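Undergrad: Coordinates only, no sequence provided:
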């Protein structure tokens, strides 16, 4: 008898081939770690050049958040006015108001109306000549507030500042504007002139110095400020004019000091004064 050959199902199962893939946990961790193993970008790997300076705090804070440069700082104007004129005007207005009030309360007939009309006529004029005048100056322009008009002159449009019997500013077209806020004191000039001969030899009077008119009117010293008597600076309105001339010389050619001159009339003073004058004339004519 022949022995039957074993069928394939009867054979022993073959051993499974050894898997080269890692276990499930190891495979997942390897896959999750692959993105982090990407090479760094060239910009991140390259060191910063040595010649590029780091931004300083001042440069970092000079601009705004959107990259635009911040606004330039603005400085308050220098204000020049006559203190004695201001005080005198306040006293005159107080006296006028007291007299008018007394006439309104005690007066009879047309006296109250005449007092009110006179008050309406005089108060704007007294305020215009005593309280209103002032000179404002900064690095950009000169603003002159006179009794009945206000003049704005950029330093580029100012030709000269002159001191004679009055202080004046001249525009580049030859127009003259008087500085009501800076009255001239001839007595103070003469007093200062008497002190100049006591100065040292290194501080001598300039050739154009004078007590009369002209661009350099009034005694002016040539030399260092410490050589001048009284600390090297002139006082009063002459000292104020020196400061204005210095501002003019420093800013006349600057771009921020250019522009057009403007003149504005003070209708708020002119109109009430004219109304008071008309009312006063009518009352006097009818009385």
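TA: Yep, it's here. Predicted model only: the values in this text are computed from it and were never measured. Numbers count the residues shown, from 1 in each chain.

Undergrad: Can you name the element that comes right after the helix or strand hosting residue 118?
TA: Residue 118 belongs to helix 111-130 when assigned by DSSP states H and E. Using DSSP H and E, the helix or strand that follows helix 111-130 in sequence is strand 134-137.

Undergrad: ok, that following strand: who's next to it in the sheet?
TA: Strand pairing for strand 134-137, using DSSP bridges, gives strand 78-80 (antiparallel), strand 141-145 (antiparallel).

Undergrad: In a markdown table, list the ones you listed along with mean pLDDT.
TA: Below are the strands paired with strand 134-137 laid out as a markdown table (pLDDT from 0 to 100):
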| stretch | mean pLDDT |
| --- | --- |
| strand 78-80 | 93 |
| strand 141-145 | 96 |
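
Undergrad: Would you mind finding the most buried of these?
TA: Stretch with highest mean neighbour count among these: strand 141-145 (a mean of 22; mean count of other CB atoms under 10 Å). All C-beta atoms are positioned from the backbone trio N, CA, C, and that covers glycine.

Undergrad: With distance to residue 154 as added columns, please give the strands paired with strand 134-137 in JSON lines.
TA: Listed next are the strands paired with strand 134-137 as JSON lines, based on distance: least, CB to CB, whole Å:
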{"stretch": "strand 78-80", "distance to residue 154": "16"}
{"stretch": "strand 141-145", "distance to residue 154": "5"}
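
Undergrad: can you tell me which of those strands comes nearest to residue 243?
TA: Of all those, strand 78-80 sits nearest to residue 243, with 7.1 Å by CB to CB.

Undergrad: Residues contacting the following helix or strand past that closest one, please?
TA: Downstream of strand 78-80, the first helix or strand assigned by DSSP H and E is helix 83-106. For helix 83-106, contacts defined as CB atoms under 8 Å, 6 or more residues apart in numbering pick out 111-112, 114-116, 118-119, 122-123, 126-127, 129-131, 133, 183.

Undergrad: Let me know the average pLDDT across the helix holding residue 118.
TA: What helix 111-130 shows for mean pLDDT is 95.

Undergrad: for it, packing partners?
TA: Counting contacts by 3 or more CB pairs under 8 Å, 6 or more residues apart in numbering; DSSP states H and E, helix 111-130 packs against helix 83-106, helix 267-286.

Undergrad: Looking at those helices, which is nearest to residue 195?
TA: Residue 195 lies closest to helix 83-106 among the helices and strands packed on helix 111-130, at 22.1 Å (CB to CB).

Undergrad: so that closest one versus helix 111-130, what angle?
TA: 170 degrees (axes from the mean of the first three to the mean of the last three CA atoms, to 10 degrees).

Undergrad: Sort out which residues of helix 83-106 are buried, please.
TA: For helix 83-106, burial by neighbour count (16 or more other CB atoms under 10 Å) applies to 85, 86, 89, 92, 93, 96, 100, 103.

Undergrad: Distance to residue 171 added to these, as TSV?
TA: As requested, the buried residues of helix 83-106 are exported to TSV (distance: CB to CB, whole Å):
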residue	distance to residue 171
85	25
86	27
89	28
92	33
93	33
96	36
100	41
103	46
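
Undergrad: one step back: could you dump the helices and strands packed on helix 111-130 to JSON lines with mean pLDDT?
TA: Output for these, formatted as JSON lines (pLDDT from 0 to 100):
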{"stretch": "helix 83-106", "mean pLDDT": "94"}
{"stretch": "helix 267-286", "mean pLDDT": "94"}
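
Undergrad: which stretch among the strands paired with strand 134-137 comes nearest residue 189?
TA: Closest to residue 189 of those is strand 78-80 (CB to CB; 17.5 Å).

Undergrad: what's the angle from the helix holding residue 118 to helix 267-286?
TA: Between the axes of helix 111-130 and helix 267-286, defined by the same axes, to 10 degrees, the angle is 150 degrees.

Undergrad: Would you enumerate the residues in contact with residue 134?
TA: By CB under 8 Å, 6+ apart, the contact set of residue 134 is 79, 80, 81, 145, 181.

Undergrad: I'd like the distance between residue 82 and residue 184.
TA: 11 Å (CB to CB, to the nearest Å).

Undergrad: That should have said residue 110, apologies.
TA: 43 Å.

Undergrad: more crowded one of those two?
TA: Neighbour count, other CB atoms under 10 Å: between residue 110 and residue 184, residue 184 has more, with 19 against 13.

Undergrad: The more buried one belongs to a strand, doesn't it?
TA: No: with DSSP: H, G, I helix; E, B strand; the rest coil as the criterion, residue 184 is assigned coil and is not in a strand.
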